[in-house]
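Enquirer: can't give you the sequence, but here's the structure:
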């Protein structure tokens with residue numbers, strides 16, 4: 001996995017100031033070095049500059065980038081972040097057509113595929129990716145992003161060109177780009193966050209290549225093209241065939257994503273999703289006499305401080321221990337301390353370039369930093385809940401009736417610390433409502449759907465376009481900040497396409513949550529894991545953590561130079577700190593309650609200071 005960046009201008013000749021623009025490219029590499037600590041490279045020509053930092057996973061010697069391929073005197077160039085899981089099939093087809101390869105890398109396969117099939121070649125790819133291809137004949141730059149949006153790619157449109165980067169910080173490093181936040185950006189932070197609207201970069205003028213899209217930039221401007229989207233069709237397979245085909249797709253995706261020239265590991269919480277991924281991986285490795293590395297995570301003291309709730313009914317450790325014995329893996333239990341959380345809250349902002357999911361983000365950031373000491377590649381169970389219907393809002397009547405995002409049904413909790421005049425200025429309710437209505441209207445419809453099935457389809461669409469994107473974003477930034485490549489087999493587009501059209505009665509047969517996926521796990525998992533009730537990613541229940549946040553936020557509001565004072569009402573904060581802690585009523589998802597609200601405000605203040613945010617009212 002890697003980091004990419006660069007710029008294109010149809011009128012500016014970069015070679016007239018070669019050293020200057022080489023340093024700009026080197027600066028983009030420097031600021032994203034965490035994504036690729038092993039190697040780096042740059043390419044500069046008249047109208048194009050491309051930068052790349054590499055985490056070496058496939059073809060350790062031959063996979064250097066930027067990668068070039070010359071045909072008839074013209075040289076095409078690519079910078080690529082991702083992994084391709086059907087490299088072998090594509091390479092065989094291209095070799096049969098007469099193409100000659102100089103390396104074993106998937107990067108070269110992608111570039112040659114473009115040369116053979118043209119811009120729509122991306123439909124042939126199975127993988128996670130974000131890449132840029134320079135087309136020298138027509139003077140065009142192409143930017144591509146994978147179907148599920150696993151790999152990030154941001155851009156800033158200029159008058160006669162574009163700046164692009166894997167992370168927002170890469171664009172902000174370009175000379176003259178200012179970190180401006182306007183009213184829409186503030187609504188993203190306070191009304192939508194820690195999610196963000198897909199395609200939006202939050203900073204004014206910065207956008208994101210949409211999942212399943214590519215962009216072409218040339219002298220005539222910017223053109224965006226959708227190459228993949230969900231399509232609603234009648235499901236014609238029997239239940240038995242549905243289980244069989246789903247299991248085939250899931251296990252094939254896991255096996256494909258094990259491809260690596262360095263050892264892999266898995267995240268193993270003891271839940272259904274991560275256990276199934278781990279079981280398939282462990283079984284494949286055992287065929288070659290190898291043992292799988294697995295990792296699980298929790299907070300120090302959670303054994304004593306844990307408070308069961310409807311969202312988090314059980315702790316993970318006993319179930320993880322059961323799976324370790326069952327699979328015979330080499331396992332490590334990793335723990336994060338409460339005292340280290342405030343610094344980690346800052347680091348997770350550094351990784352994401354935006355306020356994040358509080359300790360839910362910062363703890364994963366720490367977890368990945370520890371895993372990266374042992375492995376460079378990890379397979380995870382992310383995305384199964386969004387695709388197979390594992391969250392409470394797939395099942396609760398109030399979520400069906402709510403005309404808003406089901407993970408944030410009440411915006412009042414978001415306003416509790418804000419100044420009245422700021423709340424009035426933002427008009428948060430209208431912004432969120434318009435964003436929701438626009439998104440839900442995109443849901444691919446099926447005439448045969450009942451009213452209830454149609455609503456389930458809407459909730460599934462929202463989950464994949466919003467909640468899944470937030471967690472994928474979190475996973476990418478948290479892992480890549482430490483040079484760890486996290487893979488997500490459940491996000492394979494073949495699984496998403498097939499499961500999308502399976503009726504709810506098959507996905508949740510007998511009203512058992514994710515019963516379809518549980519059936520796919522038969523033979524791989526013991527029953528106590530197969531039918532374990534969902535328990536989300538762990539958060540801290542240590543009261544000391546909350547006291548620590550209270551102290552930090554109190555210091556912030558007492559400092560008149562704190563940028564967050566533009567929004568926070570100190571008197572409201574005092575009342576909030578005196579009120580009983582609320583761990584049971586999340587204001588985002590299942591995990592972000594009262595303490596996480598304090599941590600989020602702490603992150604906003606740090607973010608504004610660190611990024612020198614300029615407010616544009």
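Expert: Yes, it's here. Everything numeric here is computed off the predicted structure, so don't read it as measured data.
Enquirer: From the chain's centroid, how far away is stretch 144-161?
Expert: Computed by Cα atoms, centre = their mean, to the nearest Å, the separation of stretch 144-161 from the middle of its chain amounts to 14 Å.
Enquirer: now do stretch 276-284
Expert: Average the C-alpha atoms of stretch 276-284, do the same for its chain, and the two points are 23 Å apart (Cα atoms, centre = their mean).
Enquirer: Then stretch 462-476?
Expert: Relative to the mean C-alpha coordinate of its chain, stretch 462-476 is positioned 5 Å out (Cα atoms, centre = their mean).
Enquirer: so how far is the first residue of that stretch from its last?
Expert: From its first residue to its last, stretch 462-476 covers 20 Å (Cα to Cα, to the nearest Å).
Enquirer: mind listing what residue 81 touches?
Expert: Residues in contact with residue 81, defined by Cβ atoms under 8 Å, 6 or more residues apart in numbering, are 1, 2, 3, 4, 35, 129, 130, 131, 151, 153, 166. All C-beta spots, glycine's among them, are computed from the backbone N, C-alpha and C.
Enquirer: Pick the one among those closest to residue 269.
Expert: The shortest separation between residue 269 and any of the contacts of residue 81 is 22.2 Å, and it belongs to residue 1 (by Cβ to Cβ).
Enquirer: Let me know the pLDDT of the closest one.
Expert: Looking at residue 1, its pLDDT reads 64.
Enquirer: Would you map the helices across the stretch 401-550 of the chain?
Expert: In the stretch 401-550 of the chain, the helices defined using DSSP state H, counting those that start in this stretch lie at 412-415, 420-426, 428-440, 451-462, 468-480, 493-500, 504-507, 515-520, 527-530, 543-558.
Enquirer: The fifth one versus helix 451-462: what angle between them?
Expert: The reference is to helix 468-480. 30 degrees (axes from the mean of the first three to the mean of the last three Cα atoms, to 10 degrees).
Enquirer: So which elements touch helix 468-480?
Expert: Using 3 or more Cβ pairs under 8 Å, 6 or more residues apart in numbering; DSSP states H and E as the contact test, the elements touching helix 468-480 are helix 341-352, helix 358-371, helix 384-388, strand 485-487.
Enquirer: okay, the angle between the longest one and helix 341-352?
Expert: Compare the direction of helix 358-371 with that of helix 341-352 by the same axes, to 10 degrees and you get 80 degrees.
Enquirer: what separates helix 358-371 from the chain centre, distance-wise?
Expert: 14 Å.
Enquirer: and the next element down the chain from it?
Expert: Next in sequence after helix 358-371, counting helices and strands by DSSP states H and E, comes strand 377-379.
Enquirer: can you put the contacts of residue 81 in a markdown table and add neighbour count, distance to residue 22 and secondary structure?
Expert: Formatted as a markdown table, the entries for those read as follows, by neighbours: other Cβ atoms under 10 Å; distance: Cβ to Cβ, whole Å; DSSP: H, G, I helix; E, B strand; the rest coil:
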| residue | neighbour count | distance to residue 22 | secondary structure |
| --- | --- | --- | --- |
| 1 | 27 | 25 | coil |
| 2 | 28 | 19 | strand |
| 3 | 29 | 17 | strand |
| 4 | 32 | 16 | strand |
| 35 | 30 | 20 | helix |
| 129 | 23 | 26 | strand |
| 130 | 28 | 23 | strand |
| 131 | 27 | 21 | strand |
| 151 | 26 | 26 | coil |
| 153 | 28 | 22 | coil |
| 166 | 29 | 19 | coil |
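Enquirer: Direction included, what does the helix or strand where residue 7 lies pair up with?
Expert: Remark: residue 7 resides in strand 2-9, with elements defined by DSSP H and E. Taking DSSP bridges as the criterion, strand 2-9 pairs within the sheet with strand 48-54 (antiparallel), strand 161-165 (antiparallel).
Enquirer: Can I get those in TSV including distance to residue 69?
Expert: Formatted as TSV, the strands paired with strand 2-9 follow (distance: least, Cβ to Cβ, whole Å):
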stretch	distance to residue 69
strand 48-54	14
strand 161-165	20
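Enquirer: now, of those, which is deepest in the fold?
Expert: Among these, the stretch with the highest mean neighbour count (mean count of other Cβ atoms under 10 Å) is strand 48-54, at a mean of 27.
Enquirer: Centre of the chain to that one, how far?
Expert: Once both centres are worked out by Cα atoms, centre = their mean, strand 48-54 turns out to sit 22 Å from its chain's centre.
Enquirer: can you check stretch 431-449 too?
Expert: Taking the mean C-alpha point of stretch 431-449 and that of its whole chain, the gap between them comes to 22 Å (Cα atoms, centre = their mean).
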